[in-house]
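Engineer: Just the structure for this:
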Amino acid sequence: MSGTSKSWVLVTGAAGFIGFHLCRALLARGERVIGIDAVNDYYAVSLKRDRIAVLESLAGADEQFRFAELDFADEAALEMAVAAEDIDRIVHLGAQAGVRYSLQNPRAYARSNLLGHVNILEVARHRAVRHLVYASSSSVYGRSAALPFRVEDRVDYPISLYAATKRADELMSETYAHLYRLPQTGLRFFTVYGPWGRPDMAVWLFTQKILAGEPIPLFAGGELLRDFTYIDDIITGVVAALDNPPPDDGAVKAGGSVSPHRLYNIGNNKPERVNRLITLIEAATGREALIDHQPMQPGDVEATFADIGAIASDLGFAPATPLEQGISLWVDWYRGYIAR
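Structural biologist: Sure, this is the predicted structure:
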């Protein structure tokens, strides 16, 4: 895909972390992008507004980027926003995120992640889009003891409602791929971090507290393993997936479907202990962390570790950013952002 198409790419969650970076990458190669986002207050609305302002500044006079503030779980609002536009591809990244928050507000997850996903599937079906790429999560693997996590593994035992909704999205997408031959790719993201990241995630929270001289809440002694994946590597994988819709050829795809539907892990393929993350942030900030030891939290898992063999083989995906480099880049951005 050269980016010269006159059609639009619809990106949900455009004010979010991954959605913002994807929109920016698509605009850079000449795509026309419609971004939608509810801009809710799950975390700082000001950060989301700042991301959208950057995208609008990149659009210029050509109006390559259009933004609609709406809740895609609202069927009527979604249909109205896209009714007059020629949309040929969709990247559905919008969702209610967060494992721990799903214990407090489960209905938000049912609305956004279940009803919202169906609404996007319906838009894709009735528009006969060339490809729908959607966000799943490494959380679907639950406490699987088999490492690394493989897309061929059974994932029938989620340990959080967030994970359950993401697995449900995969199953609904499989149904639409089977019934309507709708080409789809589901991406199981593994602990994404980097500039413009989310304040509810460990990398942001730890950096903020270290610089403020406040204690870090550290679960399970910092021994939890996470497959931290830098945002630029993630976006390279998302774009590669978008450009390569699965064929409707009856062959078995990554994840096991014989319909035009693939599932990929998209991670760094190198889990790191949370303690090492803290050490690297200390080095990048020049500050020592204060630790508030806390027990393992409900819904958390001991380890995440992405087997990326399928996406590497099919799309040539190869993460290139080691954690020490990514954390240095992250801290540089964070200091610049909060100093504005």
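
Engineer: Quick check: which ranges of the stretch 151-300 of the chain have low pLDDT?
Structural biologist: Low-confidence segments of the stretch 151-300 of the chain, defined by pLDDT under 70, span residues 299.

Engineer: Contacts only, for Ser139.
Structural biologist: For Ser139, the contacting residues are Val99, Pro158, Ser160, Tyr162, Ala163, Lys166, Val301, taking Cβ atoms under 8 Å, 6 or more residues apart in numbering as the criterion. C-betas here are computed from N, CA, C, even on glycine.

Engineer: now the fifth one: how far from Ser173?
Structural biologist: As defined by Cβ to Cβ, to the nearest Å, Ala163 lies at a distance of 16 Å from Ser173.

Engineer: Tell me where the stretch 101-250 of the chain has strands.
Structural biologist: For the stretch 101-250 of the chain, the strands identified by DSSP state E, counting those that start in this stretch occupy 131-137, 184-189, 192-193, 215-219, 225-226, 229-230, in order along the chain.

Engineer: now the ones you listed in JSON lines, with distance to Ala108 and mean neighbour count?
Structural biologist: Formatted as JSON lines, the entries for these read as follows, by distance: least, Cβ to Cβ, whole Å; neighbours: other Cβ atoms under 10 Å:
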{"stretch": "strand 131-137", "distance to Ala108": "16", "mean neighbour count": "25"}
{"stretch": "strand 184-189", "distance to Ala108": "19", "mean neighbour count": "26"}
{"stretch": "strand 192-193", "distance to Ala108": "21", "mean neighbour count": "24"}
{"stretch": "strand 215-219", "distance to Ala108": "23", "mean neighbour count": "17"}
{"stretch": "strand 225-226", "distance to Ala108": "24", "mean neighbour count": "20"}
{"stretch": "strand 229-230", "distance to Ala108": "25", "mean neighbour count": "26"}
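
Engineer: Would you format those as JSON lines with distance to Ser46 included?
Structural biologist: As requested, these are arranged in JSON lines below (distance: least, Cβ to Cβ, whole Å):
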{"stretch": "strand 131-137", "distance to Ser46": "23"}
{"stretch": "strand 184-189", "distance to Ser46": "24"}
{"stretch": "strand 192-193", "distance to Ser46": "20"}
{"stretch": "strand 215-219", "distance to Ser46": "24"}
{"stretch": "strand 225-226", "distance to Ser46": "27"}
{"stretch": "strand 229-230", "distance to Ser46": "24"}
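
Engineer: So for Asp88, which of these sits nearest?
Structural biologist: Go through the strands of the stretch 101-250 of the chain one by one with Cβ to Cβ and the one that ends up closest to Asp88 is strand 131-137, at 8.3 Å.

Engineer: What strands line up against that closest one, and which way round?
Structural biologist: For strand 131-137, sheet partners with direction are given as strand 87-92 (parallel), strand 184-189 (parallel), following DSSP bridges.

Engineer: coming back round to it: can you tell me which of the strands of the stretch 101-250 of the chain is nearest to Glu288?
Structural biologist: Counting by Cβ to Cβ, Glu288 lies closest to strand 215-219 out of the strands of the stretch 101-250 of the chain; the figure is 10.7 Å.

Engineer: Can you name the residues in contact with the closest one?
Structural biologist: With Cβ under 8 Å, 6+ apart as the contact definition, strand 215-219 has outside contacts at 205-206, 209-210, 274, 278, 289-297, 300.

Engineer: Now which of those would you call buried?
Structural biologist: Phe206, Lys209, Ile210, Val274, Ile278, Ala289, Asp300 (16 or more other Cβ atoms under 10 Å).

Engineer: before we move on, the earlier item: most widely separated two among the contacts of Ser139?
Structural biologist: When Cβ to Cβ is used, the two most widely separated members of the contacts of Ser139 are Lys166 and Val301, lying 13.5 Å apart.

Engineer: what about those two, which has more around it?
Structural biologist: More neighbours surround Lys166 than the other of Lys166 and Val301, with 28 against 19 (other Cβ atoms under 10 Å).

Engineer: For the more buried one, which non-adjacent residue is closest in space?
Structural biologist: The spatial neighbour of Lys166 that comes closest, neighbours along the chain excluded (Cβ to Cβ, 6 or more residues apart in numbering), is Ser137 at 4.4 Å.

Engineer: Could I get the contacting residues of the one you found?
Structural biologist: Contact partners of Ser137, counting by Cβ under 8 Å, 6+ apart, are Tyr162, Ala163, Lys166, Arg188, Phe189.

Engineer: one more time with 7 Å
Structural biologist: Contacts for Ser137 were tallied using Cβ atoms under 7 Å, 6 or more residues apart in numbering; they are Ala163, Lys166, Arg188, Phe189.

Engineer: and the residues you listed as CSV, adding distance to His178?
Structural biologist: Converted to CSV, the contacts of Ser137 look like this (distance: Cβ to Cβ, whole Å):
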residue, distance to His178
Ala163, 23
Lys166, 19
Arg188, 20
Phe189, 24
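
Engineer: Quick check: of these, which lies closest to Asp86?
Structural biologist: Nearest to Asp86 among these, counting by Cβ to Cβ, is Phe189 at 28.7 Å.

Engineer: Report the beta-bridge partners for the nearest residue to Ile120 once chain neighbours are set aside.
Structural biologist: Sequence neighbours aside, His92 is the residue nearest to Ile120 in space, at 4.7 Å (criterion: Cβ to Cβ, 6+ apart). The residues paired with His92 through beta bridges, assigned by DSSP bridges, are Thr12, Tyr134.
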